[in-house]
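Q: Have a look; sequence and predicted model below, questions after that.
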Amino acid sequence: MTVVLDVITAVLFLGGASFCLLGALGLLRFPDTMSRLHAAAKAQTLGLLLILVGAAVQMSPNLAPVLLLVALFQLLTAPITSQIIGRTAYRTHGLERHLLLRDELADRLEHEGSPVHRRTDHSDRRERDDEDTEDTEDAEDAEDAEDAEDAEDAER
Amino acid sequence: MTLLYGITLAMIVAAALLTLVRLLRGPRALDRIMALDVLVTMVIAATAVGMTARDDTTAVPVLVVLALLAFIGSVTAAHLIEKREGMR
Amino acid sequence: MTRTDGLPNRRGHGRARRVFPHLPMVAWLWLLWLLLWGSTSALVLTGGLLVAVAVVLAFRLPAVRPGTVPRPLGVVRLLIHLLTDLVTSALTVAWQVVRHGGRTTSAIIEVPLDVDGDLLITAVAELTNVGPGNLVTEIDRRRRRLYVHALPAGGPQDIARRRSEVKAVERRVVQALGRRSEDTGGDTGGEADDRGRNP
């Protein structure tokens, strides 16, 4: 019995770790934010799920449900996180336009002449102008983000 | 089994190092948030493997808290960025 | 479910009607509490119930009514598809990382939806995010359209395939949960169907 469980854990752990590694590789290699999101959202999530299930197999019966709960929670929240980050990525130009085969959202916005598109055009132009300053701005963004997380921590 | 845990942990650590490179390189704040989110995922994974290896279950609540915080943190940070970019 | 049960009680049991929609949330929080403590002693049981009620009272949420009765068989099929989708999507991305790396091309595709209702559109968007190769970037709630970022997209045939995949997810959601929820729909029915046929 324990041998069977050990084999299950071994397979799940190795599979999970491989997906983690491939996800991280994708995060590094893919060309733009949206593509990297694919690697983070899909390969990464499956990797963690496999590892959690593999650990739950070895746990005592009153702790295994908690690990499965963490897995369930990950399963529920990962798509939400990726949708929100994906939306933000599109709106803040986290896309390499020349690698896009087709962009039907931009087509739609252009067709309707909506304000989102005008803002897109405008900021695209400006972005090229002050490309060198962007990194420092991003650093500020990241700091702010951390502050926000700290605030969340404090609330808890 | 010890060897298995070692290999698994080594792979997760390698993945975490790759993610760290993305975290440092950026180039956008959103990439960094994403990398942080993935890094938390890896911490959860590594903790789960470590718990199994040492047969020590004290860290289970930590996993729950980490999973919750990663979600709330990433979503809040993404919202902040969108707000800021929208105002410029 | 809530609707049909609630209607006859409207006059006599106003209080019960207000409490009832929140009961699933209380039950879920209670279960969560028990799981986290990992025991069912009297103290944990009563404490968990008190905390669950307190949380529901302190953070009032609008009661989410599905509006349709979930069909067990459809739900089971949806869950099985969810698990296989998880694996295939991870494999797709992993293969793309190894094979193409930095030179992947992608596309943003507009997918008109037939379903109506916040809950159903959310479900379709979430399940699309789990499925292989697709990530939802934007949801147009009013016009009922999803904008999907498809990662391995080499040509027009890929785009057509991705679109049909999202439609397949939608079909499974309809089979599990129904087509539209309670207070929307009716007058905005026809035009989305036409768009779905010839994109």
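A: Everything's here; your move.
Q: Can you tell me which helix or strand of chain A has the lowest average pLDDT?
A: helix A:115-129 (a mean of 40; mean pLDDT, DSSP states H and E).
Q: Then chain C?
A: Sorting the helices and strands of chain C by mean pLDDT, DSSP H and E puts helix C:190-197 at the bottom, at a mean of 37.
Q: Could you do chain B as well?
A: helix B:60-87 (a mean of 84).
Q: and it, does that touch chain A?
A: Yes: counting by Cβ under 8 Å from any Cβ of the partner chain, contacts between helix B:60-87 and chain A involve B:60, B:63-64, B:67-69, B:71-82, B:84-86. C-beta: built from backbone N, CA, C; applies to glycine.
Q: Could you give me the ChimeraX selection string for whichever of those are buried?
A: Of the residues of helix B:60-87 next to chain A, the buried ones can be selected in ChimeraX as follows, counting by 16 or more other Cβ atoms under 10 Å in any protein chain shown:
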select /B:60,63,64,67,71,72,73,74,75,76,77,78,80,81,82,85
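Q: Count the neighbours of C:Ile108 for me.
A: 25 (other Cβ atoms under 10 Å in any protein chain shown).
Q: With the one 3 residues further on instead?
A: By other Cβ under 10 Å, the residues close to C:Val111 number 25.
Q: who's it bridged to?
A: Beta-bridge partners for C:Val111, by DSSP bridges, are C:Leu146.
Q: That one and A:Gly54, how far apart?
A: 36 Å (Cβ to Cβ, to the nearest Å).
Q: ditto for A:Ala64
A: Distance of A:Ala64 to A:Gly54, computed by Cβ to Cβ: 11 Å.
Q: The two: which has the busier surroundings?
A: Taking other Cβ under 10 Å, A:Ala64 and A:Gly54 do not tie; A:Gly54 has more neighbours (26 against 17).
Q: residue contacts, that one?
A: Shown in contact with A:Gly54 (Cβ atoms under 8 Å, 6 or more residues apart in numbering or on different chains): A:Ile8, A:Thr9, A:Ala10, A:Val11, A:Leu12, A:Phe13, A:Gly16, B:Ala48, B:Thr52.
Q: Against which helices or strands is the strand or helix carrying the second one packed?
A: I take that to be A:Thr9. Using DSSP states H and E, A:Thr9 sits in helix A:2-29. In terms of contacts (3 or more Cβ pairs under 8 Å, 6 or more residues apart in numbering or on different chains; DSSP states H and E), helix A:2-29 is packed against helix A:33-38, helix A:44-58, helix B:2-25, helix B:29-54, helix C:72-99.
Q: For those, please prepare TSV with the additional fields distance to C:Gln157 and mean pLDDT.
A: Formatted as TSV, the helices and strands packed on helix A:2-29 follow (distance: least, Cβ to Cβ, whole Å; pLDDT from 0 to 100):
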stretch	distance to C:Gln157	mean pLDDT
helix A:33-38	20	85
helix A:44-58	27	91
helix B:2-25	32	91
helix B:29-54	30	90
helix C:72-99	16	87
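Q: Show me how chain C divides into domains.
A: Here the domain parsing of chain C from automatic domain parsing is C:1-64, C:68-199.
Q: wait, isn't B:Ile12 in contact with B:Met42?
A: Yes: B:Ile12 is within contact range of B:Met42, at 5.6 Å (criterion: Cβ atoms under 8 Å).
Q: Any chance you could list residues touching both of these two?
A: Shared contacts of B:Ile12 and B:Met42, counting by Cβ under 8 Å, 6+ apart, come down to A:Cys20.
Q: give the contact list for the residue in chain C that chain B sits nearest to.
A: Nearest to chain B, among the residues of chain C, is C:Leu36, at 6.8 Å (Cβ to the nearest Cβ). The contact partners of C:Leu36, by Cβ under 8 Å, 6+ apart, come to A:Val66, A:Leu69, B:Pro61, B:Val64.
Q: hmm, which of these are the buried ones?
A: Buried subset of these (neighbour count, 16+ other Cβ under 10 Å): A:Val66, A:Leu69, B:Val64.
Q: check the residues you listed against chain C, which are close?
A: Filtering these for proximity to chain C by Cβ under 8 Å from any Cβ leaves A:Val66, A:Leu69, B:Val64.
Q: Roughly how far does the residue nearest the centre of chain C sit from C:Ala176?
A: For chain C, C:Ala123 is the residue whose C-alpha lies nearest the centre (Cα atoms, centre = their mean; 1.7 Å). The gap separating C:Ala123 from C:Ala176 is 8 Å, by Cβ to Cβ.
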